[in-house]
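Engineer: Return atomic coordinates for the entry below.
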Amino acid sequence: MILSVQSRPPFAAQAARLADLAVAALLDEVNLSPKPALVDLRGSGAHDDLSLALMHASARSLWPCFAAMAEAGASLDDPLALREAIGQLGRDGEAAMLAVTAGVNTHRGAIWALGLLVTAAAQGTWQWPELIARAAQLARLPDRMSDSAASHGALVKRRYGSGGAREQAQAGFPAVALHGLPQLRRSRAQGHGETPARLDALLAIMSVLDDTCVLYRAGPPGLHTLQSGARAVLAAGGTATLAGRRRLAQLDRQLLQLNASPGGAADLLAACLLIDSIASLSSSIHTRSAT
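Structural biologist: Numbering: from 1, shown residues only. Model (predicted):
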């Protein structure tokens, strides 16, 4: 169970709630099964250095980071100061994560994406279009202390010209806003159940994302396999159908053969689930207020 802080100022209590939601989104993402070539309840996917237990420990280690980012969002008015503050908090969170995982990068991209979102939500923006827009505004601001040149995403950008987590955030998370969230809600509306709806949302993200994790491991051919395979699952009716599940199993086998794990899509699914949970919480609060 994720513990919330109860006996702190009002903005800290809200920050604790947002940190709860962020960690829950990470746990929901990793527990979702079966995901192609990703860590899930079945095993470690295309990774030999990850496990379900390690991903759980990593997610929980980030609670203080997300709470501090949300507190900064609620208390700092100057946008540049806020951007640099959450940048440093993110680096501190990454260090805490690496201490727990013995140096394995489990959630670096998720710290960036979910951190921006909890910061934006703490500023009072809980409806998802405005939430994403505010997070994107923050992402576009400079951070003088940032050094991302050595990341896998930066290497892939230099090699292939494809942007990673940073560019997704700066553009307003298009893979989530235009594909993941609509598919999540469409699958729910069709009565497919929560697990198929979340898997369909992941596949919708995979179908359009230039996933830098896949590009780093398997190059453009691997990315083509990911995107075309994800589209094939959705075209077959999604993961609630027998034909869709067969396509999903085929995509899993193909990505495992390529040793290509779509970690970028997994991070964005967590962002998708966080946005959805924040918007749902906002709706329930407004409903209670109206009654």
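Engineer: State the next helix or strand along the chain beyond the lowest-mean-pLDDT helix or strand in the chain.
Structural biologist: Sorting the helices and strands of the chain by mean pLDDT, DSSP states H and E puts helix 152-160 at the bottom, at a mean of 60. Sequence order places helix 165-170 as the next helix or strand after helix 152-160, per DSSP states H and E.
Engineer: Tell me which other helices or strands that following helix touches.
Structural biologist: For helix 165-170, the elements it packs on are helix 108-122, helix 128-140, helix 152-160, helix 263-290, judged by 3 or more Cβ pairs under 8 Å, 6 or more residues apart in numbering; DSSP states H and E. Where you see a C-beta, it was placed from the backbone N, CA and C, and this is true even at glycine.
Engineer: Out of those helices, which gets the lowest mean score?
Structural biologist: Lowest mean pLDDT within those: helix 152-160, at a mean of 60.
Engineer: Phi first, then psi, for Asp40.
Structural biologist: phi -150, psi -170 (degrees, to the nearest 10).
Engineer: tell me the secondary structure for the residue lying closest to it once chain neighbours are set aside?
Structural biologist: Nearest in space to Asp40, with sequence neighbours left out and distances taken as Cβ to Cβ, 6 or more residues apart in numbering, is Ser33 at 3.9 Å. Assigned with DSSP: H, G, I helix; E, B strand; the rest coil, Ser33 falls in the coil class.
Engineer: residues in contact with Ser33?
Structural biologist: When contacts are counted by Cβ atoms under 8 Å, 6 or more residues apart in numbering, Ser33 touches Asp40, Leu41, Arg42, Thr195.
Engineer: please redo it, this time with the cut-off set to 6 Å
Structural biologist: Ser33 makes contact with Asp40, Leu41, Arg42, according to Cβ atoms under 6 Å, 6 or more residues apart in numbering.
Engineer: Find the one among the helices and strands packed on helix 165-170 with the highest mean neighbour count.
Structural biologist: Mean neighbours per residue, mean count of other Cβ atoms under 10 Å, is largest over those for helix 108-122, with a mean of 28.
Engineer: Using PDB, write out every CA atom in that helix.
Structural biologist: What follows is helix 108-122, C-alpha atoms only, in PDB (Å, rounded to 0.1, in the frame of the first residue of the first chain):
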ATOM      1  CA  ARG A 108      14.000   7.400 -16.000                       C
ATOM      2  CA  GLY A 109      11.500   8.400 -18.700                       C
ATOM      3  CA  ALA A 110       8.600   8.000 -16.400                       C
ATOM      4  CA  ILE A 111      10.100  10.400 -13.800                       C
ATOM      5  CA  TRP A 112      10.200  13.000 -16.500                       C
ATOM      6  CA  ALA A 113       6.700  12.400 -17.900                       C
ATOM      7  CA  LEU A 114       4.800  11.800 -14.600                       C
ATOM      8  CA  GLY A 115       6.800  14.400 -12.800                       C
ATOM      9  CA  LEU A 116       5.600  17.100 -15.200                       C
ATOM     10  CA  LEU A 117       2.100  15.900 -14.900                       C
ATOM     11  CA  VAL A 118       1.900  15.900 -11.100                       C
ATOM     12  CA  THR A 119       3.500  19.400 -11.100                       C
ATOM     13  CA  ALA A 120       1.000  20.700 -13.500                       C
ATOM     14  CA  ALA A 121      -1.900  19.100 -11.600                       C
ATOM     15  CA  ALA A 122      -0.700  20.700  -8.400                       C
END
